[in-house]
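> Predicted model and sequence below, questions to follow.
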Amino acid sequence: MKTQVGIIGGGPSGLLLSQLLHLQGIDTIVLEKHSRDYVLGRIRAGVLEHGFVKLMRLAQCAARMDSEGEIHDGFFIADGERKRRIDLAGYTGGQSVMVYGQTELTRDLYEARDKLGGTVLHNVEDVQLHALTSDVPQITCRTGTDHIQIDCDYVVGADGYHGVSRKSIPDNVLTEYEKVFPFGWLGVLSETKPVSPELIYAKSARGFALCSLRSRVLSRYYIQVPSGDRVEDWSDEAFWAELKARLPADVTDSLETGPSIEKSIAPLRSFVAEPMRYGNLFLAGDAAHIVPPTGAKGLNSAASDIYYLYHALVAHYQDGDDAGLNSYCEKALARVWKAQRFSWWMTNLLHLFPDRIAYDQRLQQTELDYLFASEAAMKSLAENYVGLPF
Ligand code: APR
Ligand code: PHB
């Protein structure tokens, strides 16, 4: 087989790039390790920066997002009993975020690929990348007993943290930066009325909590739990009791509880791999970087990778201009690290760090007091939350 751009990974990053390139007449093949149902069974975050929303519209995949998603122009931060609204639109000249489940977004991308007749191979095994520094990089893999070889002009590794692409870059070329937080997030999805029309990020003496939503009848809640906690350690009743204990009384009083339809624990860690290019292999999304979910920057930092790669590949094929490809690493990493910084800052601001010295505990409270009292600090938070420019 031959294609212009071979894409490893049928998650949101790989699918979005494939769709955008197809609309410009650039041929791609997407190779996905799992079945479509498996990929669509993943529960992920649901806050989209305005830049990602624009990319989905450019990809002609935004109809359901625009009709079912919710535009949010603010959110709340609670600190014990006090609560402040972050006026995103007010601080950013009218910008906002879209609340729309990543599972639905991935479904929309798959349906768009089907509609255009895009090639997405599922259940591929033993994907290997070859001759990445040559002009004809190759992908080999298996589906069942069929062995496949795909000659490409370029390979995009959009195969997530556990994928094969980053591991195909020689150790002496790759530098990895990692930070592991001493806690995770226990998340619950419940068919209940969201306690608040806007998200509430809560700092409390018992730990962090987050009130989010998927729709007017589907709520998403999280509480910080120690690393090592297992989801079977937490009954629904225990979860609801702990969530209530971490929220302001006026919020707790109106919290509707119900059975969890999904319950899981995600670890919190930060990770960046450099460079994001090796020969004709380009890394994008979770394959190259991971953030704690506090700032909702996971998918949104993948968005700028896809934006840069899309424009660079179009310039290559349509104008013979390789400036975008040659500057991809520098441009992508500049924005990736700003998303890392914001996610690190928000995580440190709102979580309980049990082993912190007393001085650092007071510094954390002072950071929040300063934020609540400073328009400049609020503006900085807002511009990062809605998304820095691509
Ligand atoms: N071969 C083929 N596909 C693979 C391989 C492999 N060796 N390894 C992993 N994959 C697939 C996974 O099954 C997954 O569907 O690559 C896809 C990667 O998708 P994601 O992990 O969702 O990563 P990405 O598309 O970059 O999206 C980033 O997803 O995990 C969240 O928080 C993250 O919101 C962010 C978004
Ligand atoms: C979610 O709705 O899953 C969500 C929202 C905001 C975050 C993280 C997760 O920062």
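Nice, I can see it. Ligands and ions are numbered 1, 2, ... in the order given.

> Domain map for the chain?
Domain assignment for the chain by automatic domain parsing gives 5-70+96-178+269-347, 182-268+353-386.

> of all those domains, which lies closest to residue 81?
Closest to residue 81 of those is domain 182-268+353-386 (Cβ to Cβ; 5.1 Å). C-betas here are computed from N, CA, C, even on glycine.

> Is ligand 1 within reach of the closest one?
No: with Cβ under 6 Å from any ligand atom as the criterion, ligand 1 is not reached by domain 182-268+353-386; the gap is at least 8.7 Å.

> how close does residue 6 sit to residue 63?
Separation of residue 6 from residue 63 (Cβ to Cβ, to the nearest Å) stands at 28 Å.

> Oh, that last question was meant for residue 74, not what I typed.
26 Å.

> Who has more neighbours out of those two?
Counted by other Cβ atoms under 10 Å, residue 74 and residue 63 do not tie: residue 74 has more neighbours, with 18 against 13.

> How about the contacts made by that one?
Shown in contact with residue 74 (Cβ atoms under 8 Å, 6 or more residues apart in numbering): 85, 86, 87, 88, 89, 90, 198.

> Swap in 7 Å and give it another go.
Applying Cβ atoms under 7 Å, 6 or more residues apart in numbering to residue 74 gives the contacts 85, 86, 87, 88, 89, 198.

> Among these, which one has the most neighbours?
Busiest of the contacts of residue 74 [other Cβ under 10 Å] is residue 88, holding 23 neighbours.

> Quick check, the residue in the stretch 51-200 of the chain closest to ligand 1?
For the stretch 51-200 of the chain, the residue closest to ligand 1 is residue 160, as judged by Cβ to the nearest ligand atom, at 2.8 Å.

> tell me the pLDDT at residue 330?
At residue 330, the model reports a pLDDT of 97.

> In this structure residue 342 contacts residue 295, no?
Yes: using Cβ atoms under 7 Å, residue 342 makes contact with residue 295 at a distance of 4.9 Å.

> Show me the shaky parts of the stretch 101-250 of the chain.
Applying pLDDT under 70 to the stretch 101-250 of the chain flags no residue at all.

> Next, count neighbours for the closest residue to ligand 1 within the stretch 251-390 of the chain.
In the stretch 251-390 of the chain, the residue that lies nearest ligand 1 is residue 285 (2.2 Å; Cβ to the nearest ligand atom). Residue 285 is flanked by 28 other residues according to other Cβ under 10 Å.

> number of nearby residues for the closest residue to residue 116 other than its chain neighbours?
Using Cβ to Cβ, 6 or more residues apart in numbering and skipping residues adjacent in sequence, the residue nearest residue 116 is residue 22, 5.3 Å away. Using other Cβ under 10 Å, residue 22 has 20 other residues around it.

> just checking, residue 22 touches residue 118?
Yes: if you go by Cβ under 7 Å, residue 22 and residue 118 touch, sitting 5.6 Å apart.
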